[in-house]
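1. Pasting the sequence and the predicted coordinates here, then a few questions.
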Amino acid sequence: MAPTNRRKSSIVDAPAQARIVMGISLLPMTVILIAAIAMWFFGDRLFAEARESNAELPSLSALTLIQYLFVVATGVLIVLEALRYSNRVVGPVMRITRVLRQIREGNLGETVTLRKGDVLTDVADQLNALIEHMRKGAPAGSGSPPPGSGVNPDTKYELEVAEYAE
């Protein structure tokens, strides 16, 4: 059986994932909450009108229950999908950060491996191409970029380097 590249936990960086989940789900959840309040308000009025007119509406209760279940299920799905997406962002960021730390320490033995469906694959591919370039011993800025890196060797780039206190 082939080994899987699955994460052991769905929460890999709780603060970062919480920001992503809130950012993705806040607006849809607000709209759903407003819709639920409107359904409750108008449903309550409809039940009151039915009682006042002595009308029997046996399917009205079932319809109202289905509406509320739909609202709850949609809310849960929004949060779960936002959590899944946050995993596809935060996991690659953590992997790339780990490899960058290794490079800073002089270890060029690791590369970034992402899972199918992860975001930032272009960044990981460029970092892996840089690591391969550095392994070959070519000093920075010498020669052409590695083949297949997608970098135009005729383009000049100016980099602004900032010093960060640790």
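-> Now that the structure is in, tell me what you want to look at.
2. helices or strands up against the helix ranked longest in the chain?
-> In the chain, assigned by DSSP state H, the helix with the most residues is helix 58-104. Judged by 3 or more C-beta pairs under 8 Å, 6 or more residues apart in numbering; DSSP states H and E, helix 58-104 is in contact with helix 14-52, helix 121-135. Placement of C-beta: from N, CA and C, glycine included.
3. Now the shortest one: buried residues?
-> Meaning helix 121-135. Across helix 121-135, burial judged by 16 or more other C-beta atoms under 10 Å covers 124-131, 133.
4. Would you mind measuring from the nearest residue in space to Gln102 that is not next to it in sequence to Ala55?
-> What sits nearest to Gln102 in space, not counting adjacent residues and going by C-beta to C-beta, 6 or more residues apart in numbering, is Glu110, at 5.0 Å. Noted for Glu110: a distance of 71 Å to Ala55, by C-beta to C-beta, to the nearest Å.
5. which one of these two has more residues nearby?
-> The residue with more neighbours, out of Glu110 and Ala55, is Glu110; 14 against 9, by other C-beta atoms under 10 Å.
6. contacting residues around the more buried one?
-> 98-99, 102, 131 (C-beta atoms under 8 Å, 6 or more residues apart in numbering).
7. do Met39 as well
-> 64, 67-68, 71.
8. Now restrict those to buried residues only.
-> Burial by neighbour count, 16+ other C-beta under 10 Å: within these this picks out 64, 71.
9. Of the contacts of Met39, which pair is most distant in space?
-> Farthest-apart pair in the contacts of Met39 is Thr64 and Val71; separation 10.9 Å (C-beta to C-beta).
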